[in-house]
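[1] Next come a sequence and a model predicted from it.
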Amino acid sequence: SAVISQKPSRDICQRGTSLTIQCQVDSQVTMMFWYRQQPGQSLTLIATANQGSEATYESGFVIDKFPISRPNLTFSTLTVSNMSPEDSSIYLCSVGGGLINEKLFFGSGTQLSVL
Amino acid sequence: GENVEQHPSTLSVQEGDSAVIKCTYSDSASNYFPWYKQELGKRPQLIIDIRSNVGEKKDQRIAVTLNKTAKHFSLHITETQPEDSAVYFCAASSYNTDKLIFGTGTRLQVFP
């Protein structure tokens, strides 16, 4: 499986600020996804990061709040904008999946706390 | 869209007993069903998966069964050990949507 590095691993942020989370994979991957895991909850898909085009967002998530970049096949960023305490969650990038149901593997996650 | 329900939300067993976690899905086009284990403070780890052309798959103490007609699949852990204690998530995806939808999770506790 691919080695997925995610940073920062954790951060404490002030309300109204923004945080950019980076996800680096050690090999080229077709599909990259961003998930959110609220405390004690399941994993919710935020968006699919598409290389060379805009990300595809799930219902309830918008580009203005969660802008995503995917400049190449090994790297993606997720920004959490204008943060509020409700954004306190673990954010996970994942790679794999795809039209042939490739196995999905997760990065180590970013624990975000918003004060 | 796809909806995945998972039961039970918590499960406590004695070491050596078996544990069974069940999931149902709504989209008949779903054809891939993985299971993830998440230990406290760690990322979800893929432990086993099954595709719709197979009814059962086993890997040592872990097995997954799939009933396409009833649209449900289950995780079976035999001879449970304390290190099996974690949160387990089922998921489903289809060839059409190419993304995983997760169940709500089951917290498994194995008591020595």
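    That came through, no problem.
[2] Mind listing what's buried along stretch A:86-94?
    Neighbour counts using 16 or more other CB atoms under 10 Å in any protein chain shown place A:Asp87, A:Ser88, A:Ser89, A:Ile90, A:Tyr91, A:Leu92, A:Cys93, A:Ser94 of stretch A:86-94 among the buried residues. Where C-beta positions appear, they are placed from N, C-alpha and C, glycine not excepted.
[3] now swap in stretch B:42-58 and tell me
    By neighbour count, with 16+ other CB under 10 Å as the criterion, the buried positions of stretch B:42-58 are B:Arg43, B:Pro44, B:Leu46, B:Ile47, B:Ile48, B:Asp49, B:Ile50, B:Ser52.
[4] Identify all residues paired with the fifth one through a beta bridge.
    When you say that, I think you mean B:Ile48. Using DSSP bridges, the beta-bridge partners of B:Ile48 come out as B:Trp35.
[5] my guess is it contacts B:Gln60, does it?
    No - with contact defined as CB atoms under 8 Å, B:Ile48 does not reach B:Gln60; the gap is 9.7 Å.
[6] pLDDT weak spots in chain B?
    Flagging of chain B using pLDDT under 70 yields the residue ranges B:95-97.
[7] which parts of it sit against chain A?
    Applying CB under 8 Å from any CB of the partner chain, we find that chain B lies next to chain A at B:31-32, B:34, B:42-46, B:49, B:51, B:89, B:91, B:93, B:95, B:98-105.
[8] Please repeat the previous calculation with a cut-off of 10 Å.
    Taking CB under 10 Å from any CB of the partner chain, the part of chain B that reaches chain A is made up of B:1, B:4, B:6, B:30-34, B:36, B:38, B:41-46, B:49, B:51-52, B:87, B:89-91, B:93-105, B:107.
[9] Give the buried subset of these as a ChimeraX selection command.
    With 16+ other CB under 10 Å as the burial test, the buried ones among the residues of chain B next to chain A are selected in ChimeraX as follows:
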select /B:4,6,30,31,32,33,34,36,38,43,44,46,49,52,87,89,90,91,93,94,97,98,99,100,101,102,103,104,105
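[10] Alpha carbons of stretch B:76-94, as CSV, please.
    What follows is the C-alpha trace of stretch B:76-94 in CSV, where atoms were taken according to Å, rounded to 0.1, in the frame of the first residue of the first chain:
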residue,chain,number,x,y,z
HIS,B,76,-17.2,-12.2,12.2
ILE,B,77,-14.3,-12.3,14.6
THR,B,78,-13.6,-15.6,16.3
GLU,B,79,-11.5,-16.3,19.4
THR,B,80,-11.4,-12.6,20.3
GLN,B,81,-8.4,-11.2,22.0
PRO,B,82,-8.0,-7.9,24.0
GLU,B,83,-6.1,-6.4,21.1
ASP,B,84,-9.2,-6.7,19.0
SER,B,85,-10.8,-3.9,21.1
ALA,B,86,-11.3,-1.0,18.7
VAL,B,87,-14.0,0.7,16.7
TYR,B,88,-14.9,-1.1,13.5
PHE,B,89,-16.5,0.6,10.5
CYS,B,90,-18.1,-1.1,7.5
ALA,B,91,-18.4,0.7,4.2
ALA,B,92,-19.8,0.3,0.8
SER,B,93,-19.1,1.6,-2.7
SER,B,94,-20.4,1.0,-6.1
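[11] Alright, that wraps it up for me.
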